[in-house]
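Asker: Sequence and predicted model, in that order:
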Amino acid sequence: MDEMEKQQFQTDLAKRGLELGEPVCVARIIDAPVANVWTVISQPGQLQKYHPYCRENNVYIWPGVGSRDGVLFHSGLYAERDFMYWREGAGYDLQIGPPPRKVAWSSWNIRPLSEARSELLIMDTPILESHLLETAKKIYMQTYFGRSIEVYLDSLLRGVEQFVMTGREVKPRQFGTHPVYAP
């Protein structure tokens with residue numbers, strides 16, 4: 001999303017009493033070409049193959065802008081991902097959350113480091129209710145974002161790397177548990 005699109009998105013959120021919090025970014029270098037990483041993350045219905053906290057991934061619409069899928073986590077939490085931007089071969093941006101509310105904006109970007117090496121970066125930005133007290137926002141951020149989301153994203157990226165490099169599916173909680181998504 002470019003700067004102008006981001007400003008429009010924030011304006012739209014403000015009209016609904018919402019605002020963006022501080023983003024959390026986690027990246028992983030994968031010894032594979034961009035095309036290999038893209039093939040894995042852009043295929044419908046295979047999130048559970050590389051996501052250690054995902055029990056089930058149901059596809060409703062695919063591919064491109066307007067795509068939607070559902071993610072059932074090992075904790076029983078369910079969320080839907082609505083794809084807002086689709087950069088063929090390079091990444092996508094989506095909103096995620098339990099329907100009908102979206103709780104985060106997630107941007108996935110693949111960057112070539114060489115012909116055979118890539119970086120996959122995921123940046124998650126919380127969507128907060130503007131009317132909440134700052135202390136409530138802070139508690140929410142500490143529970144679902146910050147270090148918590150860093151652990152989550154690191155496990156997800158490690159799963160992508162494993163699946164891209166070996167074709168082996170990850171096991172549930174392979175890289176550890178998570179209090180929200182896979183206790």
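Answerer: In hand now; what should we look at? Numbering: from 1, shown residues only.
Asker: quick one, longest strand in the chain?
Answerer: When the chain is parsed with DSSP state E, its longest strand is strand 117-129.
Asker: element containing the spatially most central residue of the chain, please.
Answerer: In the chain, the C-alpha nearest the mean C-alpha coordinate belongs to residue 106, at 4.7 Å (Cα atoms, centre = their mean). Assigned by DSSP states H and E, residue 106 belongs to strand 104-114.
Asker: For that strand, which helices and strands make contact with it?
Answerer: helix 34-42, strand 91-97, strand 117-129 (3 or more Cβ pairs under 8 Å, 6 or more residues apart in numbering; DSSP states H and E). Backbone N, C-alpha and C define where each C-beta goes, glycine included.
Asker: buried stuff in that strand?
Answerer: 104-110 (16 or more other Cβ atoms under 10 Å).
Asker: mind checking how far it is from the chain centre?
Answerer: 10 Å (Cα atoms, centre = their mean, to the nearest Å).
Asker: neighbours of residue 12, just the number please.
Answerer: Neighbour count for residue 12, taken as other Cβ atoms under 10 Å: 10.
Asker: thinking again about what came up before, who does the longest strand of the chain pair up with?
Answerer: Strand pairing for strand 117-129, determined by DSSP bridges: strand 18-20 (antiparallel), strand 24-30 (antiparallel), strand 104-114 (antiparallel).
Asker: Was I right to think the residue nearest to the centre of the chain contacts residue 126?
Answerer: No - shown here, residue 106 and residue 126 do not form a contact pair, counting by Cβ atoms under 8 Å, at 10.3 Å.
Asker: For residue 67, the count of nearby residues, please.
Answerer: That count, for residue 67 with other Cβ under 10 Å as the rule, works out to 19.
Asker: Leaving out chain neighbours, which residue sits closest to it?
Answerer: In this structure, residue 67 finds its nearest non-sequential neighbour in residue 83, 3.9 Å apart by Cβ to Cβ, 6 or more residues apart in numbering.
Asker: List the buried residues for the helix or strand containing the one you found?
Answerer: If you go by DSSP H and E, residue 83 is part of strand 78-87. Residues of strand 78-87 classed as buried: 79-84, 86 (neighbour count, 16+ other Cβ under 10 Å).
Asker: Just the mean pLDDT for the host helix or strand of residue 69, thanks.
Answerer: Per DSSP H and E: residue 69 is located in strand 68-73. Averaged across strand 68-73, pLDDT comes to 98.
Asker: Could you export that strand as PDB, CA atoms only?
Answerer: What follows is strand 68-73, C-alpha atoms only, in PDB (Å, rounded to 0.1, in the frame of the first residue of the first chain):
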ATOM      1  CA  ARG A  68     -11.100 -14.300   1.200                       C
ATOM      2  CA  ASP A  69     -10.200 -17.400   3.300                       C
ATOM      3  CA  GLY A  70     -10.900 -18.600   6.800                       C
ATOM      4  CA  VAL A  71      -8.300 -19.700   9.300                       C
ATOM      5  CA  LEU A  72      -9.200 -21.900  12.200                       C
ATOM      6  CA  PHE A  73      -6.300 -21.900  14.800                       C
END
